[in-house]
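Student: Structure for this input, please:
(chains A, B, C and D)
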There are 2 protein chains.
Amino acid sequence: MYICPMYSSELLKGTLKTIVLNLLKEQGKMYGYEITQRVKMLSSDKIQITEGALYPLLHALEKQGDVTTHEEFIGKRVRKYYSLTEKGTVSANEKVNELSDFMLTLRFLLNLDSTSANG
Amino acid sequence: MYICPMYSSELLKGTLKTIVLNLLKEQGKMYGYEITQRVKMLSSDKIQITEGALYPLLHALEKQGDVTTHEEFIGKRVRKYYSLTEKGTVSANEKVNELSDFMLTLRFLLNLDSTSANG
DNA sequence: CATTATACATAAGAAAGTTATGTATATTTG
DNA sequence: CAAATATACATAACTTTCTTATGTATAATG
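Tutor: This next block holds a predicted model:
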């Protein structure tokens, strides 16, 4: 039985903000826990965002005006929803474009542009 | 006139070791300065490895047995060449595979798998 | 001869994560 | 129904891995 390993933690550094901004752009609004679960699912458990990484990032994004928040109560428990501002939408696009470009450069640097099939 | 910007520094984090190991695998042996110049060239100046990042990394790789070194003198000036050990070759392959896989996951997460042409 | 390029090295600081801990409510399970 | 797990937030201490700054020295160039 094959256990799918997580990526080494260095790899997530530098891409986490882009991932979060892009999810918010696609989903409209999300709360923190939801983001961790969605990334976990979409990555087949290979990317698990820790709360210690996510919440400080969301707070920073709010502080610099990329997102706004509103709270909703589910019974007695609060959910804090985050949505992109206009500035945040611009940031999201810029970040995704930069990362996309960076990955192209990396593929070239690492000679991963094989046109033939590979395993 | 378009000035090609460098990638934001977070992006290089996590990929530097992979880049260096892969270059050594392809080139057989390289010295530090040569690595910085080659990456700069291959990336059209968009990735510039700083010496403060590279040399400590090379020393760490040597310490953990991924590379061996030998010095050559060019006139009075020394060049320290680095080559992969067997262990280092395994590390290089593992690292490249992991990064390649990670990039696939990212493309999926960020919805970059467009089959149509894009700009 | 002054500047730039080559070539190494390391220390101080910043950025961005992980790990650990804390609080509290909701749901599932034995 | 009690205990365990899941949901949901938050923050502090620590680590890793860069950047920035500094230092030394030789070679080439204008």
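
Student: now check stretch A:51-66, is it near chain B?
Tutor: No. Applying CB under 8 Å from any CB of the partner chain, one finds stretch A:51-66 separated from chain B by no less than 11.8 Å. C-beta coordinates here come from the backbone N, C-alpha and C atoms, glycine included.

Student: So is stretch A:19-32 next to DNA strand C?
Tutor: No. Against DNA strand C, stretch A:19-32 shows no contacts by CB under 7 Å from any atom of the strand, the least distance being 8.8 Å.

Student: So which residues make contact with that stretch?
Tutor: A:35, A:38-39, A:47, A:49, A:51, A:54-55, A:57-58, A:61, A:66-67, A:79-84, A:88-89, A:91-93, A:95-96, B:106, B:109-111 (CB atoms under 8 Å, 6 or more residues apart in numbering or on different chains).

Student: in that stretch, what's buried?
Tutor: Judged by neighbour count (16 or more other CB atoms under 10 Å in any protein chain shown), stretch A:19-32 contains these buried residues: A:Ile19, A:Val20, A:Leu21, A:Asn22, A:Leu23, A:Leu24, A:Lys25, A:Met30, A:Tyr31, A:Gly32.

Student: What about the contacts of stretch A:19-32, which are in helices?
Tutor: A:35, A:38-39, A:51, A:54-55, A:57-58, A:61, A:88-89, A:91-93, A:95-96, B:106, B:109 (DSSP state H).

Student: Which members of the residues you listed additionally contact DNA strand C?
Tutor: Answer for those near DNA strand C (CB under 7 Å from any atom of the strand): A:Glu51, A:Leu57.

Student: Tabulate the CA atom coordinates of stretch A:39-50 in PDB.
Tutor: What follows is stretch A:39-50, C-alpha atoms only, in PDB (Å, rounded to 0.1, in the frame of the first residue of the first chain):
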ATOM      1  CA  VAL A  39      -6.200  22.500   0.000                       C
ATOM      2  CA  LYS A  40      -5.800  19.200   1.700                       C
ATOM      3  CA  MET A  41      -8.500  17.600  -0.500                       C
ATOM      4  CA  LEU A  42      -7.400  19.200  -3.800                       C
ATOM      5  CA  SER A  43      -3.800  18.100  -3.200                       C
ATOM      6  CA  SER A  44      -4.700  14.600  -2.100                       C
ATOM      7  CA  ASP A  45      -3.400  15.200   1.300                       C
ATOM      8  CA  LYS A  46       0.000  16.200   0.000                       C
ATOM      9  CA  ILE A  47      -0.300  19.800   1.100                       C
ATOM     10  CA  GLN A  48      -1.600  20.400   4.600                       C
ATOM     11  CA  ILE A  49      -1.700  24.000   5.600                       C
ATOM     12  CA  THR A  50      -1.000  24.300   9.300                       C
END
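
Student: Is that stretch in proximity to chain B?
Tutor: Yes. Counting by CB under 8 Å from any CB, chain B has neighbours in stretch A:39-50: A:Val39, A:Leu42, A:Ser43, A:Ser44, A:Lys46, A:Ile47.

Student: and the two most separated of the residues you listed?
Tutor: Spanning the widest gap among the residues of stretch A:39-50 next to chain B are A:Val39 and A:Ser44, at 10.6 Å by CB to CB.

Student: same for the strand or helix carrying A:Thr69, what does it pack against?
Tutor: Applying DSSP states H and E as the criterion places A:Thr69 in strand A:67-74. In terms of contacts (3 or more CB pairs under 8 Å, 6 or more residues apart in numbering or on different chains; DSSP states H and E), strand A:67-74 is packed against helix A:51-63, strand A:77-84.
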